[in-house]
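Undergrad: Predicted coordinates and the sequence they were generated for:
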Amino acid sequence: MQGSCGLGRLRPYYRFDRVDVAEGDPLLPPKDLSKHTLGLRFDPVFWLGLKGEYALSRFHGGEDVSSGQSAVSSRRLRGPSPRTTA
């Protein structure tokens, strides 16, 4: 589940993920978890985005793990396609 709200150049968001691993699953680790993520995206110009987020992962019957990450993204500016002449 995720929710966000655009406030001009800022976009705060919240996301909740839940993983319920079936007993005996050969591909996933045998730990159920729930994860809360809180983030903020900032678009200083139309072709550039900056994002930071904090996440809290809670493992069923185990420890809590906090983490953070940041990212930079850009959009490709479309212009005339280069053509060669022979």
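TA: That came in fine, so what should we check first? Numbers count the residues shown, from 1 in each chain.

Undergrad: Tell me the helices and strands packed up against the helix or strand containing Asp43.
TA: Applying DSSP states H and E as the criterion places Asp43 in strand 33-45. Other elements packing on strand 33-45 under the criterion 3 or more Cβ pairs under 8 Å, 6 or more residues apart in numbering; DSSP states H and E are strand 10-19, strand 48-59. Backbone N, C-alpha and C define where each C-beta goes, glycine included.

Undergrad: Now mean pLDDT too, for those, in a markdown table please.
TA: Converted to a markdown table, the helices and strands packed on strand 33-45 look like this (pLDDT from 0 to 100):
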| stretch | mean pLDDT |
| --- | --- |
| strand 10-19 | 94 |
| strand 48-59 | 95 |
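
Undergrad: Figure out which of these is closest to Gly3.
TA: Gly3 lies closest to strand 10-19 among those, at 5.5 Å (Cβ to Cβ).

Undergrad: And for that closest one, what's in contact with it?
TA: When contacts are defined by Cβ atoms under 8 Å, 6 or more residues apart in numbering, strand 10-19 is touched by residues 1-5, 28, 32-43.

Undergrad: what's the angle from that strand to strand 33-45?
TA: 160 degrees (axes from the mean of the first three to the mean of the last three Cα atoms, to 10 degrees).

Undergrad: now the angle between strand 48-59 and strand 10-19, please.
TA: Here strand 10-19 runs at an angle of 30 degrees relative to strand 48-59 (the same axes, to 10 degrees).
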